[in-house]
Every structure is written in structure tokens, then in C-alpha cells.
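A.B. asks: Next comes the sequence, and after it the predicted model I'd like to discuss.
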Amino acid sequence: MSEENTRYQDSDQELRRLITEAIRRSPLKRSVIAETLSAKLGIRVTEHMLNDFTSEKRKDVRFPLLFSSELCEILNDDSIGLFGVRPRIRRLVEFAQLELDGHRSQREREALREELLKKDVQA
């Protein structure tokens, strides 16, 4: 088996795993996910199709890129969408998240400092 074919199979397996895990983390049942996806896309998506997209045995069935954005919205999970973008975009998203976390952390530190300063003044 060629290295390119192995990489493709690894990627296919990883995408199936990501979809499976995102669905499992969701409080929604697969049937509800399929119905919601159908409504958002304007095409019929069944629970059986979702099962095929995640099945290791159904290598002939592929998850359509067209479904990615809407599935991420329905599941409130970006892992599937981020999987489909090039590494630079994933790093940019990671950087943006770190920046947001840093600002949030800075605000929390500032609020705590203000609280402590008020208590020092009152003491």
C-alpha cells in the first residue's frame, strides 16, 4: 500500500472518529440530528446516512464537505469543520482562542485585583 493511500485511509478513519465523538457528546439523538441537518441543507439526510458516515465498515460512503458547517452548528462542535481545513487555518483558530482566553483571564485577574483592593481599603 502506498504512503499516500495510507495517509488517505488514516484521514478517513480520523474524520469518522471525529463525527462519531461529536455526535456522542451531543445531547441530541441521531434521528434529531438527521432531521435538523435535512432542514438546514434542504436535502434529505437520514439517521442511516449518519451511521454510514461514521461506520468503519462503510468505506464506500464518504461524509460530504457540504454537510460540515451545518453539522458543526447543530452539534455545537467545531472539530469536524476544523479537520477539513489546512493546518495554517487550524493554527490561526488556535491562536485566536488563546488570545480570547488570555483576555478573559486578564479581565478575571483585574476583577480579582479590584475586589482585593476594595477589601484592603475597607479593612
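C.D. replies: It's in. Numbering: from 1, shown residues only.

A.B. asks: How about the contacts made by V61?
C.D. replies: 49, 52-53, 55 (CB atoms under 8 Å, 6 or more residues apart in numbering). Any C-beta I mention is one placed from the backbone N, CA and C, and that applies to glycine too.

A.B. asks: If you count residues, where's the longest helix of the chain?
C.D. replies: Ordering each helix of the chain by length in residues (DSSP state H) puts helix 87-122 first.

A.B. asks: Who are the packing partners of that one?
C.D. replies: Judged by 3 or more CB pairs under 8 Å, 6 or more residues apart in numbering; DSSP states H and E, helix 87-122 is in contact with helix 79-83.

A.B. asks: quick one: R25 and S79 touch, right?
C.D. replies: No. Counting by CB atoms under 8 Å, R25 stays clear of S79, with 9.4 Å between them.

A.B. asks: quick one, which of those two is more surrounded?
C.D. replies: Neighbour totals were compared for R25 and S79, and S79 leads with 15 against 12 (other CB atoms under 10 Å).

A.B. asks: So the more buried one versus E4, what's the distance?
C.D. replies: 24 Å (CB to CB, to the nearest Å).
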